[in-house]
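In: Sequence below, structure please.
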Amino acid sequence: MPFRLRFGDDDLLRCRFALSPLWETQEAVRTLGRPDRLGYHPHWLRSIGEAARGLDLGLLRLVMPRRGHSPDFLGPPPLGPAATFEEEIAAVRAADPAAAREDLARSLADTPGAPRSPGGRALLADPARAVRELADLLEAAWHVLVEPEWPRLRALLEADIAFHSRRLAEVGLEALLPELDRRLSWDGRTLTVDWHGEYGRELGGQGLVLMPSVFSWPDVISGFEPPWQPTLVYPARGLAGLWTEPGAAGAQALVRLLGRGRAAVLAALADPATTSDLAHRLRLAPSSVSAHLAVLRDAGLLTSRRYGHRVLYERTPLGMALAAAGG
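Out: Predicted coordinates:
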């Protein structure tokens, strides 16, 4: 059955892109219990395997039904385009206990037996404590599951937003929405998601948050009840190359032409990235990466643009052609 979001005139003017480290943390926890998702993240599983076994996430998973409602207060729409995990988890900790209890009760009801389980009863009996404990679990999951790889993940998500922002400028919102995923369709006023379950919501002038996600892949997720801003989470572009070590298979001809360091930087820019992102990926000093970027940009192989407080580098058409020939 379809999921429908109905737009008014003001909603078309109030759509925005965002990314969320808190959302990726929540979905990373969910992914650990979803065999259908695990095959997309082999490198990640190897890197977090031992540490993840030390996490007891049972209480958090109790409010993550396979189908149904997950508590909105645990993964609310992002505060802004570049919100930090610390800012987002602070908002979770500030959740109103009474509203959180209603949210938790709705979520537990979607898993048979969960409301009467010891964990479910404890969550509902003391919602203020439940908020604290669930926030603590999310924070522990962030440090173990997501934070070590966040520079790489953030670069991919920012690259997706950059790509779709350009498409928005080229074709407009109405044409862009169906491009985000094949399960989305647009009839001029209503965005329909081919989804399990029937749901409809008037956006009511709040607009829509469009959020790419790595760990939600390949699902399209939407919802959020008032007062939360409606949000559509869609699979981020470029997942196939996310966990590939850049430059490992670069052609020797490209190395001889540019030098090993600059060839590695050019190869690593399959998606836009910052100096610190590249330094993390390539295990090079930021100063070395910065020097390589300056040379490549002066040679017309890269261009740069500002995204919030960060500067993203991406290949020019000439840089793309050279990297493709070298690969």
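In: In the protein, what residue spans correspond to strands?
Out: For the chain, applying DSSP state E gives strands covering 2-6, 16-17, 184-186, 190-194, 199-202, 209-213, 221-223, 231-235, 302-307, 310-315.
In: Mean confidence (pLDDT) on the fourth one, please.
Out: The average of the pLDDT scores along strand 190-194 is 84.
In: which outside residues touch it?
Out: 2-7, 177, 183-186, 208, 220, 222, 232 (C-beta atoms under 8 Å, 6 or more residues apart in numbering). For every residue, glycine as well, the C-beta is placed using N, CA and C.
In: List the neighbouring strands of that strand plus their orientation.
Out: Sheet pairing here is set by DSSP bridges, and for strand 190-194 it gives strand 2-6 (antiparallel), strand 184-186 (antiparallel).
In: where among those strands is the average confidence lowest?
Out: strand 2-6 (a mean of 81).
In: quick one, that strand and strand 231-235 angle?
Out: 130 degrees (axes from the mean of the first three to the mean of the last three C-alpha atoms, to 10 degrees).
In: what comes up buried for strand 2-6?
Out: Neighbour counts using 16 or more other C-beta atoms under 10 Å place 3-5 of strand 2-6 among the buried residues.
In: low-scoring stretches of the stretch 201-327 of the chain, by residue?
Out: 223, 241, 244-252, 307-308, 317, 321, 324-327 (pLDDT under 70).
In: Spell out, range by range, the helices that occur in it.
Out: Taking DSSP state H, counting those that start in this stretch, the helices of the stretch 201-327 of the chain run over residues 252-258, 260-268, 275-282, 286-298, 317-326.
In: Please apply the same query to the stretch 1-150 of the chain.
Out: Under DSSP H, counting those that start in this stretch, the stretch 1-150 of the chain gives helices at 21-32, 35-38, 42-52, 58-62, 85-93, 97-108, 118-125, 127-141, 150-171.
In: Quickly compare these and say which is most buried.
Out: helix 21-32 (a mean of 24; mean count of other C-beta atoms under 10 Å).
In: In PDB, could you pull the C-alpha coordinates for it?
Out: Extracted in PDB, the C-alpha atoms of helix 21-32 (Å, rounded to 0.1, in the frame of the first residue of the first chain):
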ATOM      1  CA  PRO A  21      25.200  11.200  12.400                       C
ATOM      2  CA  LEU A  22      22.500  10.300  15.000                       C
ATOM      3  CA  TRP A  23      20.400   8.700  12.300                       C
ATOM      4  CA  GLU A  24      23.300   6.800  10.900                       C
ATOM      5  CA  THR A  25      24.100   5.500  14.400                       C
ATOM      6  CA  GLN A  26      20.500   4.300  15.000                       C
ATOM      7  CA  GLU A  27      20.500   2.600  11.600                       C
ATOM      8  CA  ALA A  28      23.900   1.000  12.200                       C
ATOM      9  CA  VAL A  29      22.400  -0.600  15.300                       C
ATOM     10  CA  ARG A  30      19.500  -1.800  13.200                       C
ATOM     11  CA  THR A  31      21.800  -3.100  10.500                       C
ATOM     12  CA  LEU A  32      23.600  -5.300  12.900                       C
END
